[in-house]
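> okay, structure incoming, though there's no sequence with it:
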């Protein structure tokens with residue numbers, strides 16, 4: 001909301017009336033963190049944790065307006081390195097052995113009071129207006145409380161805006177919170193009790209120790225933990241509190257746009273984004289962490305000691321999305337509690353280099369159940385004649401109950417009992433259709449369901465229950481129970497892919513050590529027809545570069561320039577659109593590019609060793625694994641990285657340390673339409689939905705996963721496409737559901753033809 005500067009007078013933050021373009025998310029730094037990272041080797045300070053000494057922005061430490069040090073590196077078991085900041089003469093900006101003074105909190109509060117008060121009034125009014133708007137539309141208002149700084153501020157603001165009896169507070173207890181978080185929850189619960197504010201706790205019937213052994217450790221792309229331990233228990237708790245299955249609530253949530261790329265797309269009000277069938281309001285959406293901390297200090301609110309110990313967030317003890325620095329801090333602050341979960345990883349996962357597997361967070365990069373011990377396959381598919389046969393062994397729930405959610409099934413099928421399970425059959429000609437995907441989800445559930453109750457929570461009509469055993473009664477066929485990834489969270493987490501996954505070759509090192517360089521591409525762009533006759537590349541270089549150009553469809557199979565190449569010339573080689581089209585072709589034609597898209601999570605820095613370990617788990621040699629990771633680094637140096645921004649590579653000094661696949665700059669409708677048609681052609685299905693694409697593990701690569709386009713942007717793009725190209729795409733958004741209809745009479749080449757009319 002407001003821009004901030006570092007105040008050399010108070011050592012604190014000073015808000016200005018300017019509106020920031022972005023925020024570096026400053027946080028206070030206490031002596032505990034300074035000691036942990038070794039600042040006491042350079043400067044002196046009292047070992048107290050009542051008042052902070054400075055602020056940190058990411059890895060930069062600001063003392064009274066001056067950046068005195070940075071930190072870099074570190075793993076779960078080794079601390080980051082402190083690098084004091086030096087002037088042009090090589091002297092420290094803050095002389096060594098200087099005594100640090102704490103921040104002048106009182107004066108900082110006084111200087112920020114006018115702007116902070118106006119921000120409070122603005123937010124309180126927004127909270128109240130939403131309350132009045134929905135007062136007669138919902139059954140309950142509740143504050144989502146986590147024990148972190150944002151929810152502490154949120155609760156204080158809601159108390160200021162609303163009558164105490166008009167809302168409740170709900171803490172989602174995952175069982176994996178920091179010990180300091182539970183202390184805050186206890187304290188806030190007592191404060192609420194004294195003010196006659198109703199405070200509840202919600203937790204799963206599964207203990208974390210049980211769920212980790214059942215599901216395997218959560219991973220960046222398999223976040224079962226949030227659904228099982230947070231979202232579902234809160235929904236079920238609300239039903240019990242209100243004694244109403246189909247309740248409608250409005251949840252005040254402490255989400256802030258500056259916390260992450262994903263959250264930057266959030267709006268103040270939404271329906272069904274946090275919990276299906278429920279309203280949410282994000283009063284703090286435009287607040288930065290500077291305002292959060294200033295509000296806490298000004299109002300003397302409780303501070304979770306987890307922050308004082310150097311934790312950036314008050315989350316779970318072990319999280320698949322944590323950085324190496326965060327892992328080190330958590331293990332240092334809570335060794336007993338963190339090691340309990342690390343021991344679960346050792347017990348459940350199978351890796352010959354377990355210490356490296358843990359320290360580099362390789363466990364968080366798993367895509368399925370391949371790394372898990374004692375994990376026999378329970379679900380397999382086989383084509384026998386004209387039938388696709390699904391083999392289910394030792395099913396854990398009754399398919400006859402789950403089939404009620406999709407009845408009547410729109411094609412003939414059969415289920416035959418076997419000695420250890422059953423075989424379900426359907427016509428193979430229907431494979432890959434939306435109906436068959438739904439049909440398969442029923443048997444995913446039957447094979448793996450252990451009653452985590454996520455499906456029950458997703459059903460707004462109360463048709464699903466797990467009392468004793470699964471029972472479904474009066475299904476309304478809303479589809480929400482089948483909207484889960486692959487139909488079953490446990491299936492998603494531990495199923496075993498065949499031969500390394502669909503369409504994946506054993507060796508994916510297509511570029512060897514000769515991934516394209518920027519100057520090769522520039523030479524090709526300049527010479528075009530004359531390139532093959534006048535290039536200066538060695539035999540191996542030109543061989544691999546020709547492969548790149550052919551996979552990009554700039555060359556045909558005989559290495560002649562293509563019509564697609566002419567289109568790129570017309571659009572312009574410095575255009576995001578051009579490189580987005582090329583990237584699409586590469587992702588569909590080159591198994592190595594496809595592997596990057598499917599295995600490198602968006603906007604998460606992956607240590608080089610973690611990516612190499614993931615590749616080696618697919619029986620790829622260390623040499624090839626190293627080459628594949630280095631190839632991504634080189635691709636990021638080409639226009640794919642410098643214009644489209646597909647990713648970044650990171651180094652410490654001369655050492656290549658990690659890679660990150662990033663949200664691209666592509667939001668072009670023509671490119672999205674081209675990608676959708678390529679997706680439909682490979683999947684052989686022309687009826688799509690945003691929800692299915694987000695949840696998909698299919699053979700195609702949709703524009704959401706390829707370019708990192710948000711759901712909201714996708715909806716905007718699709719609406720525009722349906723107006724511009726009604727002969728190619730039809731889109732509808734009704735009742736929270738989306739339907740994208742492409743036409744089998746057209747192809748991806750027709751999209752390129754339409755683009756030529758614009759550019760040539």
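Cool, the structure landed. Fair warning: this is a prediction, and the values are worked out from it, not measured in the lab. Numbering: from 1, shown residues only.

> state whether residue 280 is indeed within a strand.
Yes - the assignment for residue 280, made by DSSP: H, G, I helix; E, B strand; the rest coil, places it in a strand.

> buried residues, whichever strand or helix holds residue 192. List them.
Take DSSP states H and E as the rule and residue 192 turns out to sit in helix 179-194. Residues of helix 179-194 classed as buried by neighbour count (16 or more other C-beta atoms under 10 Å): 180-181, 184-185, 188-189, 192. Backbone N, C-alpha and C define where each C-beta goes, glycine included.

> make JSON lines from the residues you listed and add distance to residue 592 and pLDDT to it.
Listed next are the buried residues of helix 179-194 as JSON lines, based on distance: C-beta to C-beta, whole Å; pLDDT from 0 to 100:
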{"residue": "180", "distance to residue 592": "45", "pLDDT": "98"}
{"residue": "181", "distance to residue 592": "43", "pLDDT": "98"}
{"residue": "184", "distance to residue 592": "47", "pLDDT": "98"}
{"residue": "185", "distance to residue 592": "47", "pLDDT": "98"}
{"residue": "188", "distance to residue 592": "51", "pLDDT": "98"}
{"residue": "189", "distance to residue 592": "53", "pLDDT": "98"}
{"residue": "192", "distance to residue 592": "55", "pLDDT": "97"}
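
> right, and residue 364 touches residue 216 too?
No - Residue 364 lies out of contact with residue 216 (C-beta atoms under 8 Å); the separation is 11.1 Å.

> after the helix or strand residue 444 falls within, which helix or strand is next? Please name it.
Counting by DSSP H and E, the element that carries residue 444 is helix 434-448. Going down the chain from helix 434-448, the next helix or strand is helix 454-458, by DSSP H and E.

> partners of the next helix or strand after that following helix, with directions?
Sequence-wise, the next helix or strand downstream of helix 454-458 (DSSP H and E) is strand 464-465. If you go by DSSP bridges, strand 464-465 pairs up with strand 471-472 (antiparallel).

> mean confidence score for the strand it pairs with?
On average, the pLDDT along strand 471-472 is 96.

> quick check: longest helix of the chain.
Longest helix of the chain, by residue count under DSSP state H: helix 105-134.

> list the buried residues of it.
Buried-residue list, helix 105-134, by 16+ other C-beta under 10 Å: 105, 108-109, 111-112, 115-116, 119-120, 123-124, 126-127, 130-131, 134.

> for the lowest-mean-pLDDT helix or strand in the chain, packing partners?
Of all the helices and strands that make up the chain, strand 269-271 has the lowest average by mean pLDDT, DSSP states H and E, namely a mean of 73. On a contact count with 3 or more C-beta pairs under 8 Å, 6 or more residues apart in numbering; DSSP states H and E, strand 269-271 meets strand 279-281.

> which residues touch the closest residue to residue 281 other than its chain neighbours?
In this structure, residue 281 finds its nearest non-sequential neighbour in residue 130, 4.8 Å apart by C-beta to C-beta, 6 or more residues apart in numbering. Shown in contact with residue 130 (C-beta atoms under 8 Å, 6 or more residues apart in numbering): 250, 269, 281, 283.

> contacting residues for the third one?
By C-beta under 8 Å, 6+ apart, the contact list for residue 281 reads 127, 130, 250-253, 268-269.

> and if we set it to 6 Å?
130, 252, 269 (C-beta atoms under 6 Å, 6 or more residues apart in numbering).

> same deal with the first one?
Contacts here follow C-beta under 6 Å, 6+ apart; on that basis residue 250 touches 134, 138, 141, 279.

> could you dump the residues you listed into TSV and include pLDDT?
Compiled in TSV, those are given as follows (pLDDT from 0 to 100):
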residue	pLDDT
134	94
138	94
141	96
279	88
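
> out of the residues you listed, flag the one nearest to residue 579.
Nearest to residue 579 out of those is residue 279 (C-beta to C-beta; 40.0 Å).

> before we move on, could you check phi and psi at the residue lying closest to that closest one once chain neighbours are set aside?
Using C-beta to C-beta, 6+ apart and skipping the chain neighbours, the partner closest in space to residue 279 is residue 250 (4.2 Å). Phi and psi for residue 250, reported as degrees, to the nearest 10, are phi -120, psi 120.

> how about the helices of the stretch 1-150 of the chain, start to end?
31-37, 105-134, 149-161 (DSSP state H, counting those that start in this stretch).

> looking at these, which is nearest to residue 524?
Short answer: helix 31-37, nearest of these by C-beta to C-beta, at 47.9 Å.

> tell me how many other residues crowd residue 705.
By other C-beta atoms under 10 Å, the residues close to residue 705 number 19.

> could I get the average pLDDT for the one helix or strand it maps to?
Under DSSP H and E, the secondary-structure element containing residue 705 is helix 703-707. Average pLDDT, helix 703-707: 93.

> buried set for the very next helix or strand once past that helix?
Following helix 703-707 in sequence order, the next helix or strand is helix 711-724 (DSSP H and E). The neighbour-count check on helix 711-724 (16+ other C-beta under 10 Å) flags 711, 714, 717-718, 721-722 as buried.

> please apply the same query to stretch 656-672.
So stretch 656-672, judged by 16+ other C-beta under 10 Å, has buried residues 657-672.

> cool, stretch 291-306 as well?
Buried residues in stretch 291-306 (16+ other C-beta under 10 Å): 291-298, 303-306.

> so who does residue 386 touch?
residue 428.

> could you report the separation of it from residue 525?
50 Å (C-beta to C-beta, to the nearest Å).

> now residue 568
Taking C-beta to C-beta, one finds residue 568 at 9 Å from residue 525.

> more neighbours: which of the two?
Legend: neighbour count by other C-beta under 10 Å for residue 568 and residue 525, higher for residue 568 (22 against 16).

> now the more buried one: phi and psi?
Dihedral angles for residue 568 - degrees, to the nearest 10 - are phi -60, psi -40.

> pretty sure it contacts residue 578?
Yes - in this structure residue 568 lies within contact range of residue 578 using C-beta atoms under 6 Å: 4.8 Å.

> state the distance from the closest residue in space to residue 228 that isn't next to it in sequence to residue 204.
Spatial nearest neighbour of residue 228, chain neighbours left out: residue 452 (4.9 Å); criterion: C-beta to C-beta, 6+ apart. As for residue 452, its distance to residue 204 is 8 Å (criterion: C-beta to C-beta).

> so what sits against both of those two?
Between them, residue 452 and residue 204 share the contacting residues residue 228, judged by C-beta under 6 Å, 6+ apart.

> show me the strands in the stretch 301-450 of the chain, by range?
379-384, 387-393, 414-418, 421-427 (DSSP state E, counting those that start in this stretch).

> TSV for those, including distance to residue 586?
Shown next, in TSV, are these (distance: least, C-beta to C-beta, whole Å):
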stretch	distance to residue 586
strand 379-384	29
strand 387-393	31
strand 414-418	42
strand 421-427	34
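
> just send those strands back as a markdown table, with distance to residue 562 and mean pLDDT too.
Below are the strands of the stretch 301-450 of the chain laid out as a markdown table (distance: least, C-beta to C-beta, whole Å; pLDDT from 0 to 100):
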| stretch | distance to residue 562 | mean pLDDT |
| --- | --- | --- |
| strand 379-384 | 35 | 92 |
| strand 387-393 | 36 | 95 |
| strand 414-418 | 47 | 97 |
| strand 421-427 | 38 | 96 |
